[in-house]
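> The following block contains a protein sequence and its predicted model.
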Amino acid sequence: MGCGATTVAEILAKRDHILLDFDGPVSAMFGGTLTDHDVADRLKPLLGHVLPGEIAASHNPFDVLRYAASCGPATLRAIEIQFRRLESEAITTAPVTAGVAEVLPVLHQAGFTLTIVSNNSLEATRSFLVLHDLTTYVRRIIGRPADEPSLLTPNPFLVERAIRSLGTSPESCVLVGSSLADVDAARAAGTAVIGYADNEAKAATLRSRGVDSIIDDIGQLKP
């Protein structure tokens with residue numbers, strides 16, 4: 001896989017701030033001993049009733065979280081609390097995305113501001129960075145707001161919050177993301193977007209959404 005019509009170097013040359021999605025570009029959050037399937041199955045019993053077929057069959061804990069919002073604030077809060085506990089457990093074995101430990105210091109040294117923008121919790125993301133000695137290179141973490149799953153990507157809220165926290169403009173930022181939700185959030189917020197895809201099928205999906213460029217190795221972010 002190569003870059004798209006615009007090269008990564010051309011995109012970075014016009015920007016000061018790199019927004020990194022956590023799950024994919026930095027780590028496979030549920031790629032260790034605790035999988036997303038495990039987390040979804042451990043959350044579902046807290047809903048306390050017969051689930052719609054699509055939720056019962058889902059392996060995505062964010063589907064469970066979003067559905068919990070329709071069940072009332074007490075249920076949503078119970079799911080949110082347990083989800084955060086499971087995220088904190090997951091990061092202890094979650095792998096670092098290949099190339100991250102090498103590229104973050106280079107980007108930091110080159111003067112880019114690095115911000116994590118993630119649907120995952122701030123606490124788990126911060127713990128992961130501490131565990132892998134990456135905190136020096138990350139200026140901010142914009143994580144999931146408690147009890148408001150409607151604000152998660154593809155909603156642009158988190159990206160816009162990151163831009164505001166940096167005191168900058170969308171044109172000065174680029175989001176590196178690995179999902180269609182990341183692309184949609186970046187576009188709605190007015191930022192450029194580099195798609196990270198570890199296989200050609202995912203790359204084709206991201207291209208179909210109109211990313212500015214594609215990388216298959218985080219090391220390709222080196223200026």
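Thanks, I have it.
> Quick one: residues contacting residue 159.
Counting by Cβ atoms under 8 Å, 6 or more residues apart in numbering, residue 159 makes contact with 19, 117, 153, 175, 185, 186, 188, 189, 191. For every residue, glycine as well, the C-beta is placed using N, CA and C.
> Backbone dihedrals for the first one, please?
Think residue 19. phi -100, psi 120 (degrees, to the nearest 10).
> Pull the contacting residues for it.
Counting by Cβ under 8 Å, 6+ apart, residue 19 touches 115, 116, 117, 159, 162, 173, 174, 175, 176, 186, 191.
> Also the last one?
Residues in contact with residue 191 (Cβ under 8 Å, 6+ apart) are 19, 159, 163, 170, 171, 173, 174, 175.
> got the residues you listed as TSV, with secondary structure and pLDDT columns?
What follows is the contacts of residue 191, written out as TSV (DSSP: H, G, I helix; E, B strand; the rest coil; pLDDT from 0 to 100):
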residue	secondary structure	pLDDT
19	strand	98
159	helix	98
163	helix	98
170	helix	98
171	helix	97
173	strand	98
174	strand	98
175	strand	98
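> and which of the residues you listed is nearest residue 212?
Distances from residue 212 to those, taken as Cβ to Cβ, are shortest for residue 174 (7.6 Å).
> pretty sure the closest one is in contact with residue 195, am I right?
No. If you go by Cβ atoms under 8 Å, residue 174 and residue 195 don't touch, sitting 11.1 Å apart.
> Compare those two and say which is more crowded by neighbours.
Neighbour comparison, residue 174 and residue 195: the larger count goes to residue 195, with 31 against 26 (by other Cβ atoms under 10 Å).
> and the more buried one, backbone torsions?
Backbone geometry at residue 195, expressed as degrees, to the nearest 10, gives phi -90, psi 130.
> ditto for the one 3 residues further on
Recorded main-chain torsions at residue 198 are phi -90, psi 10, according to degrees, to the nearest 10.
> Please report the distance of residue 195 from residue 218.
12 Å (Cβ to Cβ, to the nearest Å).
> what does the model give the residue lying closest to residue 143 once chain neighbours are set aside for pLDDT?
The spatially closest residue to residue 143, leaving aside those adjacent along the chain, is residue 122, at 3.2 Å (Cβ to Cβ, 6 or more residues apart in numbering). pLDDT recorded at residue 122 is 97.
> now do residue 50
86.
> Poorly predicted segments of the protein, please.
Low-confidence segments of the chain, defined by pLDDT under 70, are located at 1-5.
> Could you tell me how far the longest helix along it lies from the centre of the chain?
If you go by DSSP state H, the chain has its longest helix at helix 73-90. Put simply, helix 73-90 sits 18 Å off its chain's centre (Cα atoms, centre = their mean, to the nearest Å).
> same thing with stretch 73-92?
Here stretch 73-92 shows a centroid-to-chain-centroid distance of 17 Å under the convention Cα atoms, centre = their mean.
> Pull out the buried residues from it.
For stretch 73-92, a neighbour-count test (16 or more other Cβ atoms under 10 Å) marks 75-76, 78-80, 82-84, 86-87, 89-91 as buried.
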